[in-house]
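Enquirer: 3D, please:
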Amino acid sequence: MHDYRKEVQQLLDVMGDSEQELTLGAKAIQLILQMAAKGNLAQGIEEKQASVTPEVKEDEEEGPQARPEVESDLKSKLVTKDEKEPRPLVQKVEPMVDRPTDVSKEKAKIDRTSQTLQALLSEKGDSQALDNWVQKDPKIFERLFDMVMVYKVSTRRIGFKAYNKNNKELRFRETIRNQFNPKNGDAILVSNAHTESPRITKLIRRPAESYYPNTVTFDRGVVEVNADNELIVKRNVSGKKLRVDGELFEYKLPAQAYNIHDGSIVRLRWYANSHGERQNEDISLAWVYPERQEKVTTPAPKKEKGPKPQYQPTIEFDLEGRTVGIVVGRELYRDKYEAIIEAHNGKMLMVDAFYHRRDPENYFSRRLSEADYVVMVQNQNKHNTSYALAKIKDQFQGFAVAKNLTGIQVEQAIYRAVKGLPAFVAG
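Expert: Coordinates of the predicted model:
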């Protein structure tokens with residue numbers, strides 16, 4: 001029903017107390033009530049104006065000539081009051097239509113991202129594509145941990161731990177760390193996490209600029225015997241001295257260390273954040289490299305070889321008897337590269353770059369352990385080889401890259417490695 005109180009109140013405000021005005025006002029109120037009952041305000045106003053005028057004419061016949069002025073005054077007051085009062089606007093109601101909002105669009109984008117990540121993390125997923133995506137968009141890396149089977153690595157002095165979004169903890173030994181070489185904060189995809197033998201199926205490197213290492217590793221340390229007949233480590237196979245927090249340090253191996261002797265090769269590790277002066281106990285013996293087993297075989301009769309190829313150096317430098325490791329696919333051009341190195345008074349160690357088994361970093365670190373300098377031939381190697389050598393290059397006195405197999409490219413790369421020049425020269 002129409003709310004008629006407003007119209008009635010307006011009428012009462014302008015109505016006088018004369019008999020004629022009271023009569024007209026009563027009739028007007030009746031009309032307003034009728035309009036409210038019908039719910040048709042516009043029709044009611046027209047009926048009100050039509051019905052008031054005849055009544056006034058009847059009064060004119062019976063009353064004095066001054067009555068039309070009273071009627072006119074009352075009508076003008078009503079009209080003026082009605083004009084001043086704003087009429088309610090009727091809003092056009094739009095039909096309800098489901099339109100995409102910013103929130104729904106963002107949710108759809110998140111859902112698509114999750115589906116893509118799950119596909120890339122599957123057994124047949126493209127690991128290289130996932131790595132590239134993570135490196136380009138660091139936010140994607142954090143999204144990985146929304147999945148319960150993805151764990152974040154926390155490296156320790158020996159081995160490492162990993163936690164998922166439910167804070168479930170997994171522990172892995174140093175042998176697994178050797179196999180995958182995870183860094184602090186990396187992501188690993190784990191299967192059989194509920195068993196005693198969880199298995200890592202994928203390693204996803206976190207964006208390079210966001211690494212925060214919490215341990216320091218001194219690799220391939222050489223065990224020696226000091227004057228007190230104690231086993232100690234104070235340098236590595238390359239002659240680099242052991243420093244802890246920038247200070248020279250002599251690590252004494254614990255008495256219970258098993259199967260370690262003078263000449264053993266070991267790995268030491270400690271936490272990066274120091275708490276006062278370092279003690280021997282702050283450093284852990286993380287790994288002991290296995291001894292090389294010399295194979296006893298009956299030497300085959302040597303084949304007669306022709307004269308070795310001679311090489312005329314194009315750059316003057318002296319290797320002073322040091323060893324140069326050449327990493328090239330299928331060990332191509334062995335004699336040619338050996339002649340180049342011998343022409344500069346050095347020795348050659350050649351390693352096949354097409355190694356395709358697990359843990360190439362450990363493989364090349366072991367095979368090149370006796371090399372002073374290392375040169376990799378760029379167009380005769382695999383991506384995993386380049387990646388592994390980039391991570392272990394600091395264990396050599398020098399490292400460089402030859403663009404192709406030509407002798408002059410290899411010779412120039414050896415020169416850069418010896419002189420400490422940039423490893424790669426474009427052009």
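Enquirer: average pLDDT for stretch 27-43?
Expert: The average pLDDT within stretch 27-43 is 71.
Enquirer: next one: stretch 155-173
Expert: Rounded mean pLDDT across stretch 155-173 is 94.
Enquirer: Let's see that stretch as PDB, backbone CA atoms only.
Expert: Only the C-alpha atoms of stretch 155-173 are listed here, as PDB (Å, rounded to 0.1, in the frame of the first residue of the first chain):
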ATOM      1  CA  THR A 155      70.800 -28.100   4.800                       C
ATOM      2  CA  ARG A 156      72.700 -29.400   7.800                       C
ATOM      3  CA  ARG A 157      76.400 -30.000   8.600                       C
ATOM      4  CA  ILE A 158      75.800 -33.600   7.600                       C
ATOM      5  CA  GLY A 159      73.000 -34.400   5.100                       C
ATOM      6  CA  PHE A 160      69.800 -32.200   5.100                       C
ATOM      7  CA  LYS A 161      66.300 -32.000   6.400                       C
ATOM      8  CA  ALA A 162      63.100 -31.100   4.500                       C
ATOM      9  CA  TYR A 163      59.700 -29.800   5.500                       C
ATOM     10  CA  ASN A 164      56.300 -29.700   3.700                       C
ATOM     11  CA  LYS A 165      53.400 -27.300   4.300                       C
ATOM     12  CA  ASN A 166      52.100 -29.400   7.200                       C
ATOM     13  CA  ASN A 167      55.600 -29.100   8.800                       C
ATOM     14  CA  LYS A 168      56.300 -32.800   8.300                       C
ATOM     15  CA  GLU A 169      60.000 -33.400   8.700                       C
ATOM     16  CA  LEU A 170      62.100 -35.700   6.500                       C
ATOM     17  CA  ARG A 171      65.800 -36.400   7.100                       C
ATOM     18  CA  PHE A 172      68.300 -37.400   4.400                       C
ATOM     19  CA  ARG A 173      71.900 -38.600   4.700                       C
END
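Enquirer: what's that stretch in contact with?
Expert: For stretch 155-173, contacts defined as CB atoms under 8 Å, 6 or more residues apart in numbering pick out 145-154, 174, 176-177, 182-184, 188, 190, 193, 198, 200, 213-215, 269-271, 283-284, 286. C-beta: built from backbone N, CA, C; applies to glycine.
Enquirer: Buried residues in stretch 181-196, which are they?
Expert: Residues 181, 182, 183, 184, 185, 186, 187, 188, 189, 190, 193 are the ones in stretch 181-196 that count as buried (16 or more other CB atoms under 10 Å).
Enquirer: so residue 349 bridges to which residues?
Expert: residue 325 (DSSP bridges).
Enquirer: Can you give me the pLDDT of it?
Expert: Model confidence at residue 349 (pLDDT) stands at 90.
Enquirer: can you check residue 56 too?
Expert: 42.
Enquirer: Kindly report the same for residue 414.
Expert: 92.
Enquirer: and if you look at the one 10 residues further on?
Expert: Per-residue confidence (pLDDT) for residue 424: 81.
Enquirer: For PyMOL, write the selection for the buried entries among the contacts of stretch 155-173.
Expert: Command for PyMOL that selects the buried part of these, burial taken from 16+ other CB under 10 Å:
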select buried, resi 147+149+150+151+152+153+154+174+176+177+182+183+184+188+190+193+198+200+215+269+270+283+284+286
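Enquirer: Out of the contacts of stretch 155-173, list just those in strands.
Expert: 150-154, 188, 190, 200, 215, 269-271, 284, 286 (DSSP state E).
Enquirer: could these be laid out in TSV, adding distance to residue 369?
Expert: Formatted as TSV, these follow (distance: CB to CB, whole Å):
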residue	distance to residue 369
150	35
151	32
152	32
153	27
154	29
188	28
190	32
200	26
215	22
269	19
270	23
271	27
284	22
286	17
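Enquirer: So the closest residue to residue 376 other than its chain neighbours: helix, strand or coil?
Expert: Of all residues not flanking residue 376 in the chain, residue 327 sits nearest, at 4.5 Å (CB to CB, 6 or more residues apart in numbering). The three-state label given to residue 327 by DSSP: H, G, I helix; E, B strand; the rest coil is strand.
Enquirer: okay, residue 327: pLDDT?
Expert: pLDDT for residue 327: 91.
Enquirer: Quick check: the gap between it and residue 390.
Expert: 12 Å (CB to CB, to the nearest Å).
Enquirer: between these two, which one's more packed in?
Expert: For residue 327 versus residue 390, neighbours defined as other CB atoms under 10 Å are more numerous around residue 327 (28 against 14).
Enquirer: Now residue 284. Nearest residue, chain neighbours left out?
Expert: residue 157 (3.9 Å).
Enquirer: my bad, residue 329
Expert: residue 380 (3.8 Å).
Enquirer: Could you do residue 28 as well?
Expert: residue 11 (5.5 Å).
Enquirer: who touches the residue nearest to residue 329 in this structure?
Expert: Residue 380 touches 328, 329, 330, 332, 353, 405, counting by CB under 8 Å, 6+ apart.
Enquirer: Just the buried ones from those residues?
Expert: 328, 329, 353, 405.
Enquirer: Name the surrounding residues that touch stretch 114-124.
Expert: Outside stretch 114-124, the residues that reach it (CB under 8 Å, 6+ apart) are 125-127, 129-130, 133, 140, 143-144, 146-147, 149-150, 189, 201-202.
Enquirer: Tell me where the model's unsure across the stretch 151-300 of the chain.
Expert: Scanning the stretch 151-300 of the chain with the threshold set as pLDDT under 70 gives 292-300.
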